[in-house]
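Trainee: A structural model of the following input is requested.
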Amino acid sequence: MVSQFEQPIRRENAMSVNDGDFGFATRSIHAGQEPDETGAVMPAIYLSTTFAQSGPGSHKGFEYARSQNPTRKRLEENLASLEGGKYGFAFASGCAATTAVAACLSQGDHVVSVDDVYGGTFRIFDKVFRKFGIATDFVDLQNPLALKDHLRPNTKLVWLETPTNPLLHILDVRTLSDIARHMHVPVLVDNTFATPCLQQPIKLGATLALHSTTKYLGGHSDVVGGAIVTSDPEWAERIRFVQNALGGVPGPVDSFMVLRGIKTLSVRMERHAQNAKAIADFLTKSPRVSEVIYPGLRSHPQHATCESQMLSPGGMVSFRIAGTLADSVKFLKSLRLITCAESLGGVETLIGHPSTMTHASIPKEIREERGITDNLLRISVGLEDVQDLKVDLENAFLAIS
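Mentor: Residues are numbered from 1 along each chain as shown. Purely as a prediction, here's the structure:
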């Protein structure tokens, strides 16, 4: 019997855009989105909360919108195709997706997580699930062999981000997945910064890929969402159960918005990376910058790893101002075009101060030990004319000179 989450929505005789036959940009636009029975090129948004049945148990894959919705199903098919996985699951936020994975674990289980991790992820594992008896060690995994020293008999998950947030470390997914596989431990990669356009963790050996679709996948700072993709049927069944049981699902309009954003993902990521490299090069020449962190620079310690597992280094740049917290604040307040805000991955350039914004939930002593200092800034480089961005940055630097 075919499981509910394996049933595709397709118009009869429609061409199936699958992984083997079409390129990434084509699948971004078409996977899971074949015209329906009306011939509509843009599939309908199904707002219904419930679905008619001719009798008890006679549904055709849809019963109640928390369990499944046709619009959400299209998004999930699309996400699975882009990540090179078999099963896709959409959530109401990236944190909801993270919570769903954590909820698949049991009391007494152990997680190894990379130490440079999104503050919300740290909060979920350290502040929420730790009190339920799930222990998490946050480990520097820039050297993948370090993982061996932290795996235990009760380790049930290795949690990776790459590039990491906010220090943009590049983790060797292949090697880390090989080490974990020998211990029968699944590996999850938060692929939010790279997107499947630039990196596909499942093809590198990971068991699960996770996204905040709020970021590059949605791409326009106008929708919040999350996603999990896997090819492992056991994990798929567990995620599907938790998705339905906890109910952290996106509505149909949000699902449609993410699908619409994904259609331009390929061209947007190309421009994000192009602009980010130009900004990184610009920052390296500024006397008010003490360090530039960008995987596309040869000075980055994992530059070679980036080239081996990513199509390009992406659109995120971090840097340290040669100054104090007061200098960082004054610099941010002096920007006129670039917006100081949480989040990333939109068409507009955003800049953040991790120690007081995205990573404020991490205790100060731990932040500083990891390198998240008060002079660290993180830029999500947008799609504007790059010269305008340079002028805005230069004027802000002049304000603190």
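
Trainee: ok, now which ones touch the residue lying closest to Gln107 once chain neighbours are set aside?
Mentor: Distances taken as CB to CB, 6 or more residues apart in numbering place Gly133 nearest to Gln107, at 3.5 Å, with adjacent residues excluded. For every residue, glycine as well, the C-beta is placed using N, CA and C. Residues near Gly133 by CB atoms under 8 Å, 6 or more residues apart in numbering: 107-109.

Trainee: 10 Å - rerun?
Mentor: The contact partners of Gly133, taken as CB atoms under 10 Å, 6 or more residues apart in numbering, are 105-109.

Trainee: Out of these, which end up buried?
Mentor: 105, 109 (16 or more other CB atoms under 10 Å).

Trainee: And the contacts of Gly133, which is closest to Arg336?
Mentor: Distances from Arg336 to the contacts of Gly133, taken as CB to CB, are shortest for Leu105 (46.2 Å).

Trainee: was I right about that closest one contacting Phe129?
Mentor: Yes. Leu105 is in contact with Phe129 according to CB atoms under 10 Å; the separation is 7.4 Å.

Trainee: Now the common contact residues for those two.
Mentor: Common neighbours of Leu105 and Phe129 (CB under 10 Å, 6+ apart) are 111, 136.

Trainee: Helix or strand, whichever it is, which one in the chain has the lowest mean pLDDT?
Mentor: helix 364-370 (a mean of 92; mean pLDDT, DSSP states H and E).

Trainee: mind listing what's buried in it?
Mentor: Buried residues in helix 364-370 (16+ other CB under 10 Å): 367, 370.

Trainee: And stretch 123-132, by the same measure?
Mentor: For stretch 123-132, by 16+ other CB under 10 Å, it's 123-126, 129.

Trainee: so how far is stretch 195-207 from its chain's centroid?
Mentor: What separates the centre of stretch 195-207 from the centre of its chain is 11 Å, taken as CA atoms, centre = their mean, to the nearest Å.

Trainee: Go ahead and confirm Gly346 touches Thr339.
Mentor: Yes. Applying CB under 10 Å, one finds Gly346 in contact with Thr339, separated by 9.3 Å.

Trainee: what sits in contact with each of those two?
Mentor: Common contact partners of Gly346 and Thr339 (CB under 10 Å, 6+ apart): 221, 380, 382.

Trainee: Pick out the residue nearest the middle of this protein.
Mentor: For the chain, the residue sitting closest to the mean C-alpha position, by CA atoms, centre = their mean, is Thr192 at 1.7 Å.

Trainee: show me what contacts that one?
Mentor: With contact set as CB under 10 Å, 6+ apart, Thr192 has these partners: 94, 97, 118, 161, 163, 165, 209-217, 226-227, 316, 344-345.

Trainee: try 6 Å
Mentor: Contact analysis of Thr192 by CB atoms under 6 Å, 6 or more residues apart in numbering lists 211-212, 215.

Trainee: And for Lys60?
Mentor: Counting by CB under 6 Å, 6+ apart, Lys60 has no contacts.

Trainee: just how off-centre is stretch 387-401 within its chain?
Mentor: How far stretch 387-401 lies from its chain's middle: 30 Å, per CA atoms, centre = their mean.

Trainee: how about it: buried residues?
Mentor: Applying a neighbour-count criterion of 16+ other CB under 10 Å, one finds 389, 392-393, 396-397, 400 buried in stretch 387-401.

Trainee: can you pull out the helices in the stretch 1-150 of the chain?
Mentor: Shown for the stretch 1-150 of the chain, the helices assigned by DSSP state H, counting those that start in this stretch span residues 24-30, 70-83, 94-103, 119-123.

Trainee: sorry, back to before: quick check, nearest of the buried residues of stretch 123-132 to Leu204?
Mentor: Lowest distance from Leu204 to the buried residues of stretch 123-132 (CB to CB) belongs to Phe125, with 22.9 Å.

Trainee: how many neighbours does the closest residue to that closest one other than its chain neighbours have?
Mentor: With sequence-adjacent residues excluded and distances taken as CB to CB, 6+ apart, Phe125 is closest to Thr136, at 4.1 Å. Look at Thr136: counted by other CB atoms under 10 Å, it has 22 neighbours.

Trainee: Just put the buried residues of stretch 387-401 in a markdown table and tack on distance to Pro153, pLDDT and secondary structure.
Mentor: Below are these laid out as a markdown table (distance: CB to CB, whole Å; pLDDT from 0 to 100; DSSP: H, G, I helix; E, B strand; the rest coil):
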| residue | distance to Pro153 | pLDDT | secondary structure |
| --- | --- | --- | --- |
| Leu389 | 50 | 98 | helix |
| Asp392 | 53 | 98 | helix |
| Leu393 | 50 | 98 | helix |
| Ala396 | 52 | 98 | helix |
| Phe397 | 52 | 97 | helix |
| Ile400 | 52 | 93 | coil |
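
Trainee: Just name the closest of these to Gly247, please.
Mentor: Leu389 (40.9 Å).

Trainee: So that closest one versus Ser28, what's the distance?
Mentor: 26 Å (CB to CB, to the nearest Å).

Trainee: list the contacts for Asp115?
Mentor: 138-140, 370.

Trainee: Sort out which of those residues are buried, if you could.
Mentor: If we count by 16+ other CB under 10 Å, the contacts of Asp115 have these buried: 138-139, 370.

Trainee: could you dump those to TSV with distance to Leu47?
Mentor: As requested, the buried ones among the contacts of Asp115 are exported to TSV (distance: CB to CB, whole Å):
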residue	distance to Leu47
Phe138	41
Val139	45
Arg370	44
